[in-house]
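**Q** Let's see this in three dimensions:
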Amino acid sequence: MLPKNFRPKKNYDLIRLGRNNDGGYLVEKNSIKNSKTLISFGIGNDWSFESHFKSQNNIKIFAYDYSVNNYFWSRQSRDLQYLFNEFFSNKNENYFFAKKISKTGLKYFENISLEISDIFNSLEFNLFGGTKPIFFKIDIEGSEYRILDDLINYHKDIEGLVIEFHNVDLHLEKISKFIDNINLELCHMHANNFENLDKFGIPTTLELTFSKNPTKLNDDLVNFPNFLDQKNSPDYDEIVLKFKN
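**A** You can find the predicted model right below:
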């Protein structure tokens, strides 16, 4: 069972952004409306979340992914490269830096001393109109633990956050402290069914959604999965979350 503070206290006004199954997340609507910039850590070849977010709020997007390098592009089809460049183009007022200046993304994941302040103070962020408050989408395969303190330190600049935690069974206490200290409301939680449960029944990968000023729907007991949730893998059963009293 998950710790008590892992369970959102109320039912909030959520929307699903991104493609079906893996790659989509539930997000609180106010955090979309009130954000001025979207920063995404972890893209790969799926930018459905970013595209859907932009359809809801036409804001600037900054994306960082160390894997989007020359080798990445050598493995992609021409059609995918075309679609990628069409979305992350100046005419759409979106800015994707991982391909053009991939050193930024590479440095972010390889140098644990780099802080989010380096993003905010970067030439790219200021040159292309990055504005606070920020919505963060974070799916960086375990490196999320390196930036939790940064996110807490900059909570005043964050309007919303969706973050995927990996190896949850090894970092349960760190995640619990993050939930208590981020000063944002935990609005939703979903278990990624690509991964297994540990011996105590705790999912090893969890998706968490936070918002600064969420709209409450009601005070009813929150049950999971939400009716908007989708299985990350359609081939496996959804994981039902259980919490301590």
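**Q** can you pull the buried residues of stretch 40-54?
**A** Of the residues in stretch 40-54, 40-43, 47, 49-54 count as buried by neighbour count, 16 or more other C-beta atoms under 10 Å. C-beta: built from backbone N, CA, C; applies to glycine.
**Q** got the residues you listed as JSON lines, with secondary structure columns?
**A** Converted to JSON lines, those look like this (DSSP: H, G, I helix; E, B strand; the rest coil):
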{"residue": "S40", "secondary structure": "strand"}
{"residue": "F41", "secondary structure": "strand"}
{"residue": "G42", "secondary structure": "coil"}
{"residue": "I43", "secondary structure": "coil"}
{"residue": "W47", "secondary structure": "coil"}
{"residue": "F49", "secondary structure": "helix"}
{"residue": "E50", "secondary structure": "helix"}
{"residue": "S51", "secondary structure": "helix"}
{"residue": "H52", "secondary structure": "helix"}
{"residue": "F53", "secondary structure": "helix"}
{"residue": "K54", "secondary structure": "helix"}
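**Q** all strands of this structure, in order?
**A** 11-12, 14-17, 25-28, 37-41, 60-64, 95-96, 134-138, 158-166, 185-191, 205-211, 216-218 (DSSP state E).
**Q** Mean pLDDT lowest where, among the ones you listed?
**A** When the strands of the chain are compared by mean pLDDT, strand 95-96 comes last with a mean of 48.
**Q** With distance to K174 as added columns, please give the strands of the chain in a markdown table.
**A** Output for the strands of the chain, formatted as a markdown table (distance: least, C-beta to C-beta, whole Å):
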| stretch | distance to K174 |
| --- | --- |
| strand 11-12 | 24 |
| strand 14-17 | 25 |
| strand 25-28 | 21 |
| strand 37-41 | 17 |
| strand 60-64 | 22 |
| strand 95-96 | 30 |
| strand 134-138 | 14 |
| strand 158-166 | 9 |
| strand 185-191 | 15 |
| strand 205-211 | 12 |
| strand 216-218 | 28 |
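**Q** Ok, which of these comes nearest I175?
**A** Taking C-beta to C-beta, strand 158-166 is the member of these nearest to I175, at 5.6 Å.
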